[in-house]
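1. only geometry, no sequence info:
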Ligand code: AMP
């Protein structure tokens, strides 16, 4: 097993990519506290590219809650191990001043209406902050020649939709790939934040997946979705506070009309859910339909 090269500065990263001079580069941005969910992104990137570069950077700009930012788990040594096992070549692990060299950005990207819905409604500014860093990182890891691909998890469905729009709207020369959600055996979507849950909270958090499965199974049978049944499941879990459970258009993120009606499901949709368990906000989703 090869130890990945760790680059702390953008100059080191640039030199390492130039030295490798790859025909194809797969880039995976992360905030660290790596788990198998990240691992699956690394593995897909490994299969498809000559050089695999990941970044580990906890981006303060996308946290609207200072406590959440300071509590966010940081564990570089363990992360290097996991990345090595997945065959990552280069880890870019910069300090905030290295990323925001000119200071915090004065010229900002706006994620627009799609960034104000769902996660954006509960975390104002989150998606603008996320786009600010992804826009920079996509430049910093750009090999400038050969194939350039970037990998994102379907786990953060709204994030994927917004990054797709940013790449299209701003003509980034990168091909985007989204990778399916990796779950625990019991169905909990893996997340770095799960480490902050007690055993009891982890058990209670399984309701997210149960509720999604109920609605996804109905969609698969072209039955009415009756989303309120899924919402009702959360009322039986005192440790879980539901924020939203909804079915949206996967491209525009607008709520689908049949969501509240008793009509059979047809077409395409995306089930989105967010809930707080203890101090931890969890999200999950599943595409439905053809
Ligand atoms: P994060 O470190 O949470 O910013 O995540 C970095 C990348 O890993 C994002 O593209 C996430 O969507 C992806 N990711 C996180 N958890 C999972 C998971 N359970 N399954 C698939 N991808 C994931």
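-> Noted; the coordinates are in hand. Keep in mind it's a predicted model, so treat the numbers as computed, not measured.
2. skipping adjacent residues, who's closest to residue 86 in space?
-> Distances taken as C-beta to C-beta, 6 or more residues apart in numbering place residue 42 nearest to residue 86, at 3.6 Å, with adjacent residues excluded. (Glycine included, C-beta is placed from N, CA and C.)
3. what's the mean pLDDT across the helix or strand harbouring that neighbour?
-> Per DSSP states H and E, residue 42 falls inside helix 36-48. For helix 36-48, mean pLDDT is 97.
4. that helix packs against which elements?
-> strand 24-30, strand 51-56, helix 76-85, strand 147-153, strand 175-179 (3 or more C-beta pairs under 8 Å, 6 or more residues apart in numbering; DSSP states H and E).
5. briefly note if it comes near the ligand.
-> Yes: Helix 36-48 comes into contact with the ligand (C-beta under 6 Å from any ligand atom), by way of 37-38, 40-41.
6. quick check, pLDDT for the closest residue to the ligand within the stretch 101-250 of the chain.
-> Residue of the stretch 101-250 of the chain nearest the ligand, by C-beta to the nearest ligand atom: residue 153 (2.2 Å). We have a pLDDT of 98 for residue 153.
7. kindly report the same for residue 261.
-> On the pLDDT scale, residue 261 gets 56.
8. and what of residue 2?
-> 88.
9. check contacts around it.
-> Contact partners of residue 2, counting by C-beta atoms under 8 Å, 6 or more residues apart in numbering, are 84, 87, 89.
10. quick one: which of the residues of helix 36-48 next to the ligand is most hemmed in?
-> Neighbour counts for these (other C-beta atoms under 10 Å) peak at residue 38, which has 28 neighbours.
11. can you tell me the closest non-neighbouring residue to residue 183?
-> residue 189 (5.5 Å).
12. touching, the one you found and residue 40? I think so.
-> No: contact criterion C-beta atoms under 8 Å: residue 189 and residue 40 do not qualify, at 11.9 Å.
13. mutual contacts of those two, please.
-> With C-beta under 8 Å, 6+ apart, residue 189 and residue 40 have common neighbours residue 182.
14. per-residue pLDDT, residue 258?
-> Taking residue 258 on its own, its pLDDT is 62.
15. no more questions from me, cheers.
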